[in-house]
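Chemist: Need a 3D model of the following:
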Amino acid sequence: MAQRGVVSQLITMCKEGRAPIPAHALARIFIRTDPGLVSEALVIGAVSPLKSLANEDYVLQQYDALLALTNIASLEETAHAVILKDEVTTAHGKLCITMYCCASCIVALHVFTISWSSL
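Modeler: Predicted coordinates:
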C-alpha cells in the first residue's frame, strides 16, 4: 500500500482538513511498514499529520501516532530534525499519564479481586 501511492493520498487528505481518520491510517501504515521503503519526501510529509494525531484526545490515536513517529525516527537525521522541530512531548506526556492511570487502575482492580476472594 505504501508504495502504491496510498501514503501521498492520505497526506493530501490530511492537508485538506479531513484528519484525524487519514492521519490514523498513516500511523497504521508506518507502524507496519518499514519507513525506509517509502520515499523520504513522503515520510517527512507524514510527520506533521502524525504529530497532530498525537495531540488528539483518543488514546489509541495518540499511541499509534507516537509509535509511527518512533519508527520514522529510526530512519536518519533528517527525520529526527523534522520530528523534534515542534512539540511532540506534550502528547507523549499525556500518553504517559494515561498509561500510568490505566496501570494504577489495573493494580487497584487486582488488589480488590485478591482481597474479595480471600473473604
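Chemist: name the element Gln9 belongs to?
Modeler: Following DSSP states H and E, one finds Gln9 within helix 6-15.
Chemist: That helix: what's the following helix or strand?
Modeler: Next element after helix 6-15 (DSSP H and E): helix 21-32.
Chemist: coming back round to it: okay, angle between the helix holding Gln9 and helix 21-32 too, please.
Modeler: With axes from the mean of the first three to the mean of the last three C-alpha atoms, to 10 degrees applied, the angle from helix 6-15 to helix 21-32 works out at 150 degrees.
Chemist: Report the buried residues of stretch 66-75.
Modeler: For stretch 66-75, a neighbour-count test (16 or more other C-beta atoms under 10 Å) marks Leu66, Leu67, Ala68, Leu69, Asn71, Ile72, Ala73, Leu75 as buried. Glycine gets a C-beta too; all of them are placed from N, C-alpha and C.
Chemist: can you tell me how far the nearest residue to the last one once chain neighbours are set aside sits from Val59?
Modeler: So that's Leu75. Excluding the flanking residues, the one nearest Leu75 by C-beta to C-beta, 6 or more residues apart in numbering is Pro35, at 5.4 Å. Distance of Pro35 to Val59, given as C-beta to C-beta, to the nearest Å: 23 Å.
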